[in-house]
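[1] Predicted model, plus sequence, below.
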Amino acid sequence: MQISTREAGEVTVVEVEGNVDLSTSAALRRSLFAILVDTPKLALNLAAIRYIDSSGIAILIEVLKDAQRLNKKFVLFGLSSAVEQVFRLTHVMRIFQVFDTEQEATGSG
């Protein structure tokens, strides 16, 4: 799994590539929590994720709860078909703000 970040105005865009599973989810958790502290809005691009398991979903829920606690925004965009399928099966699609494009997620479109 590879994680990269960049700024898009006041939004930090995080790109994740590869698999998010039990062996990689702790690294993703550390990265997202560290980034959340320093940004008003975190937009996570999930387009390059090939696989996500329940540990990955749990991390995303943890980050969402922490964002809410800190009065920050955490949004998702670009869900790959594999991620979207897992989100629908686990019924978590409705708890996240999910956008199709980065422009929609960052509010620049």
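    That came through, no problem.
[2] Using CSV, list the CA coordinates for stretch 32-48.
    C-alpha atoms of stretch 32-48 as CSV (Å, rounded to 0.1, in the frame of the first residue of the first chain):
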residue,chain,number,x,y,z
LEU,A,32,-4.8,9.7,8.4
PHE,A,33,-4.9,10.6,12.1
ALA,A,34,-1.6,12.6,11.8
ILE,A,35,-2.9,14.5,8.7
LEU,A,36,-6.3,15.2,10.3
VAL,A,37,-4.7,17.2,13.1
ASP,A,38,-3.2,19.7,10.6
THR,A,39,-6.0,20.2,8.1
PRO,A,40,-9.6,21.5,8.2
LYS,A,41,-10.7,19.0,5.6
LEU,A,42,-9.3,15.6,4.5
ALA,A,43,-10.4,14.1,1.2
LEU,A,44,-9.4,10.5,0.7
ASN,A,45,-9.1,9.2,-2.8
LEU,A,46,-10.0,5.5,-3.0
ALA,A,47,-9.8,5.0,-6.8
ALA,A,48,-6.5,3.0,-6.7
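[3] So which helix or strand of this structure has the lowest pLDDT on average?
    Every helix and strand of the chain was ranked by mean pLDDT, DSSP states H and E. The lowest is helix 81-89, at a mean of 90.
[4] helices and strands around it, which ones?
    strand 41-52 (3 or more CB pairs under 8 Å, 6 or more residues apart in numbering; DSSP states H and E). C-beta coordinates here come from the backbone N, C-alpha and C atoms, glycine included.
[5] what packs against whatever helix or strand comes next after the strand it packs on?
    Where DSSP states H and E defines the elements, the next helix or strand beyond strand 41-52 is helix 54-69. Helix 54-69 sits against strand 11-20, helix 25-37, strand 41-52, strand 73-77, with contacts defined as 3+ CB pairs under 8 Å, 6+ apart.
[6] Which residues belonging to helix 54-69 are considered buried?
    Neighbour-count burial for helix 54-69, counted by 16 or more other CB atoms under 10 Å, picks out 55, 56, 57, 59, 60, 63, 64, 67.
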